[in-house]
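Student: one predicted model, sequence on top.
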Amino acid sequence: MNSNLLDVKLIDLPRVEDPRGNLSFIEEGKHIPFKIERTYWIYDVPGGQLRGGHAFKKQKELIVALSGSFDVIVDDGKEQKTYSLNRSYYGLYVPARLWRQMGNFSTNSLAMVLSSTAYSEDDYIHDYQYFLLNKA
Ligand code: TYD
């Protein structure tokens with residue numbers, strides 16, 4: 001059964017404001033609803049390119065715009081919602097079994113993804129029709 005768009009959440013991260021520069025952080029088990037198994041990041045994205053365009057069977061993730069801005073489009077098979085991420089002190093929680101794509105990357109944007117799973121190609125659903133057939 002696929003997730004619902006209502007399960008997607010913007011999560012505010014701690015912010016320590018300081019005239020010397022601001023600081024934010026994430027602690028496992030405290031700020032996000034899963035154990036972090038992997039961190040990866042997407043950078044040097046040429047203008048107009050899209051990333052993602054698939055769903056995960058098990059992977060839950062938190063996506064943070066560490067620098068610059070980009071959009072995350074989430075789709076539960078019934079409706080779509082676009083989140084514009086442009087600050088490093090919040091992240092978008094995306095549960096498993098939602099179609100998601102990233103685009104509209106600004107120059108020098110840096111997308112950090114905290115993942116609940118190690119990388120596994122078997123976890124990917126690349127076929128949108130297959131994704132739709134398995135929705136709730
Ligand atoms: P992929 O997740 O398919 O990126 P996108 O959805 O944006 O197209 O990953 C692209 C390639 O990088 C793919 O060949 C697998 C590899 N990869 C890893 O080896 N480890 C990882 O943690 C990730 C996310 C990708």
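Tutor: On my side now, so go ahead. Residues are numbered from 1 along each chain as shown.
Student: so what touches stretch 27-37?
Tutor: Residues outside stretch 27-37 that contact it (CB atoms under 8 Å, 6 or more residues apart in numbering): 11, 13-14, 26, 60, 62, 91, 93, 114-118. (Glycine included, C-beta is placed from N, CA and C.)
Student: ChimeraX command for the buried members of those?
Tutor: This is the ChimeraX syntax for the buried subset of these, where burial follows 16 or more other CB atoms under 10 Å:
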select :13,26,60,62,91,93,114,115,116,117
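Student: tell me which two of the contacts of stretch 27-37 sit farthest apart.
Tutor: For these, the maximum inter-member distance is 26.6 Å, found between Pro14 and Ala118 (CB to CB).
Student: might one say that Lys9 is in contact with Tyr90?
Tutor: No: judged on CB atoms under 8 Å, Lys9 makes no contact with Tyr90 at a distance of 10.0 Å.
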